[in-house]
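A.B. asks: What follows is a predicted protein model with its sequence.
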Amino acid sequence: MSQLLEVSGISVAFDGFKAINNLSFSIGPAELRAIIGPNGAGKTTFMDIVTGKTRPDSGHVTWGERNVSLLRMSESRIAREGIGRKFQRPTVFEDQSVLDNLVMALRNDRGPFSVLRYRRSDGDLGRVRELATEIGLADQLNTRAGILSHGQKQWLEIGMLLAQEPRLLLVDEPAAGMTKAERDRTVDLLRRAAETRAVIVVEHDMDFVRKLGCKVTVLHEGSVLAEGSLDHVTKNQDVIDVYLGR
Ligand SMILES: Nc1ncnc2c1ncn2[C@@H]1O[C@H](COP(=O)(O)OP(=O)(O)OP(=O)(O)O)[C@@H](O)[C@H]1O
């Protein structure tokens, strides 16, 4: 298989306004990609379409080895197919410990009645420790999530998504509100996560995007304006005119 997700020729209009306009995009199974673009370019709407929250008026979105269409699937089915989404604001269970948040995320996996029967197993604890190490919170397992820093909460939520072993992770503006040290650790975390899965990062912070060191897709008015390395797209005059030069 060459691509994990293939989006071709999608368009969606809200009250006649084309938020997404004949957009095509694809990402491989172990690839990190940054999406940038001015406010209103369609970045959120694009993620809404991939996750099934918004249905495009036209176009195709195909997924996985069997090229199944995501357009007929519900949001929850798409999540079960292995597409995880991290919104900008962290949504962890503040009164629970880091450990319990990660255990709950593992539990999410197990079907509708499993929560009732659930017992924490040694295997789960092993996996939770692995996840906590991956997100840099191994020493905070018993800390209440509510007292973590903003960056640590973001990592915890990424860990909760990783617990479900997504094949594609969509991450919305992770750098916002983070300290420089937290941003650097987030870059490492996302780069590592993308060694074994596809990761799409929507971000305005160009320094952060540069550190991600990945291919960049620039959206503008619902279409791809430019694509390539950050150096390549930042030299593009159209990109300078609509985004960087403002
Ligand atoms: N449900 C909706 N109804 C009407 N218009 C919408 C809706 N959702 C998005 N839009 C419009 O579609 C365009 C694209 O919005 P979108 O939020 O996808 O852009 P964005 O690139 O994520 O912007 P930002 O960087 O500000 O988050 C905007 O003009 C927005 O106002």
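C.D. replies: Now that the structure is in, tell me what you want to look at.

A.B. asks: Could I get the contacting residues of Ile27?
C.D. replies: 3-5, 33, 168, 198, 200 (Cβ atoms under 8 Å, 6 or more residues apart in numbering). C-betas here are computed from N, CA, C, even on glycine.

A.B. asks: Quick one: classify the spatially most central residue of the chain as helix, strand or coil.
C.D. replies: The centre of the chain sits closest to Leu170, judged by Cα atoms, centre = their mean, with a distance of 1.5 Å. Classification of Leu170 using DSSP: H, G, I helix; E, B strand; the rest coil returns strand.

A.B. asks: Thought Thr51 was touching it, still the case?
C.D. replies: Yes: shown here, Leu170 and Thr51 form a contact pair, counting by Cβ atoms under 8 Å, at 6.9 Å.

A.B. asks: between these two, what contacts are shared?
C.D. replies: By Cβ under 8 Å, 6+ apart, Leu170 and Thr51 have these common neighbours: 83, 85.

A.B. asks: For the protein, which helix or strand comes out least confident on mean pLDDT?
C.D. replies: helix 114-117 (a mean of 50; mean pLDDT, DSSP states H and E).

A.B. asks: those strands in this protein, which residues are they?
C.D. replies: For the chain, applying DSSP state E gives strands covering 5-14, 17-27, 32-36, 58-63, 68-69, 83-86, 168-172, 198-202, 215-220, 223-228.

A.B. asks: List the neighbouring strands of the second one plus their orientation.
C.D. replies: Partner strands for strand 17-27, per DSSP bridges, with pairing direction: strand 5-14 (antiparallel).

A.B. asks: hmm, the strand it pairs with in reach of the ligand?
C.D. replies: Yes: Strand 5-14 is in contact with the ligand by Cβ under 6 Å from any ligand atom, via Phe14.

A.B. asks: Tell me the buried residues in that strand?
C.D. replies: Within strand 5-14, the residues that qualify as buried are 5-7, 10-12, counting by 16 or more other Cβ atoms under 10 Å.

A.B. asks: what ranges do the helices span in this structure?
C.D. replies: In the chain, the helices defined using DSSP state H lie at 43-50, 75-81, 98-107, 114-117, 122-134, 150-162, 180-193, 206-212, 230-234, 237-239.

A.B. asks: And the contacts of the last one?
C.D. replies: Pointing back at helix 237-239 there. The contact list for helix 237-239, computed with Cβ under 8 Å, 6+ apart, reads 218, 220, 225-226, 233.

A.B. asks: which parts of this protein sit against the ligand?
C.D. replies: Checking the chain against the ligand by Cβ under 6 Å from any ligand atom, the hits are 14, 19, 37, 39-45.

A.B. asks: Find the pair from the residues you listed with maximum spatial separation.
C.D. replies: Within these, Phe14 and Gly37 form the most distant pair, 17.4 Å apart (Cβ to Cβ).

A.B. asks: May I ask you to confirm that Gly64 is in contact with Met73?
C.D. replies: No: if you go by Cβ under 8 Å, Gly64 and Met73 don't touch, sitting 11.5 Å apart.

A.B. asks: any common contacting residues for these two?
C.D. replies: Joint contacts of Gly64 and Met73 (Cβ under 8 Å, 6+ apart) are Glu81.

A.B. asks: and Trp171, what does it touch?
C.D. replies: Wrong residue type there; residue 171 is Val, not Trp. 85-86, 158, 190, 199-202.

A.B. asks: do you know how far it is from Gly146?
C.D. replies: Using Cβ to Cβ, to the nearest Å, one obtains 22 Å as the distance from Val171 to Gly146.

A.B. asks: And for Gly136?
C.D. replies: For Gly136, the distance to Gly146 - Cβ to Cβ - is 18 Å.
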